[in-house]
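Enquirer: Give me the fold of what follows.
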Amino acid sequence: MKRTIVSVALAALMSAGFAVYSSSACATLKPGDTAPPFTAEASLGGKAYTYSLADELKKGPVVLYFYPAAFTKGCTIEAHEFADAVDEYKKYGATVIGVSHDNIDTLTKFSVSECRSKFPVAADADSKVIGAYDAGMPMHSSMANRVSYVIAPDGKIIYEYTSLSPEKHVENTLKAVKDWAQAHKQ
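Expert: Below you'll find the predicted structure:
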């Protein structure tokens, strides 16, 4: 009963867009760590397919962001911001992928309405990718915390940012991508 009340209260705070932060949320992977490879069922523009991190890294840096739940207020704001910035990421050779514990049917709808068919979102219903990236929500580890990574083509994490507030994820990851591109000019 207490666990249900805590989960409902946390979901209500997330839906309202409040920033909830816990020091245990900092157990994420850090710059210099190797990004765990993964494949997952994803959707882009309402079409499901198998996403492969290894395949995307062959094209350039990958911005991998985790979010708690599709169609909640903060996650919708964040999806809109990433969708608006996709063309800017592409200028630097980067791609974007969002990951949550939602099922593929939910994400197929989310990929069209909130991601505006600009970038894929992957289903991690069993939380294996969330676990591999230490991106679980404190006290509810199967649900993703709001964590953003930038991964270089060599598979190394070059940037990590954790905040339940959706506000700085795009700004910060875009800066990391630009910095990486500047350092790797040919």
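Enquirer: Touching the lengthiest helix in the chain from outside, list them.
Expert: As assigned by DSSP state H, the longest helix anywhere in the chain is helix 73-91. Helix 73-91 is contacted by residues 14-17, 63, 65, 67-69, 95-96, 98, 100, 110, 114-116, 118-119, 121, 146, 164-166, 169-170, 174, 177 when judged by Cβ atoms under 8 Å, 6 or more residues apart in numbering. In short, each C-beta sits where N, CA and C put it, glycine included.
Enquirer: Name the residues of it that come out as buried.
Expert: 74-83, 85-86, 89 (16 or more other Cβ atoms under 10 Å).
Enquirer: Same question for stretch 96-114.
Expert: 96-102, 104, 106-108, 110-111, 114.
Enquirer: In helices, which of those fall?
Expert: The members of those that map onto helices under DSSP H are 104, 106-108, 110-111.
Enquirer: from the residues you listed, which is closest to residue 130?
Expert: Minimum distance to residue 130 across those is 14.1 Å, recorded for residue 107 (Cβ to Cβ).
Enquirer: Was I right to think the closest one contacts residue 100?
Expert: Yes: if you go by Cβ atoms under 8 Å, residue 107 and residue 100 touch, sitting 7.2 Å apart.
Enquirer: list the residues that contact both of the two?
Expert: Joint contacts of residue 107 and residue 100 (Cβ under 8 Å, 6+ apart) are 70, 121-123.
Enquirer: Farthest pair within the residues you listed?
Expert: Farthest pair in the shared contacts of residue 107 and residue 100 (Cβ to Cβ) is 70 and 122. Separation: 11.4 Å.
Enquirer: okay, residue 183: pLDDT?
Expert: According to the prediction, residue 183 has pLDDT 94.
Enquirer: how near is it to residue 174?
Expert: Look at residue 183 and residue 174: by Cβ to Cβ, to the nearest Å, they are 15 Å apart.
Enquirer: These two: which has the busier surroundings?
Expert: residue 174 (21 against 9; other Cβ atoms under 10 Å).
Enquirer: can you give me the helices in the protein?
Expert: Counting by DSSP H, the helices of the chain are 2-16, 53-57, 73-91, 104-113, 128-132, 169-183.
Enquirer: Go through those helices and name the closest to residue 46.
Expert: So among the helices of the chain, helix 104-113 is nearest, using Cβ to Cβ, at 4.5 Å.
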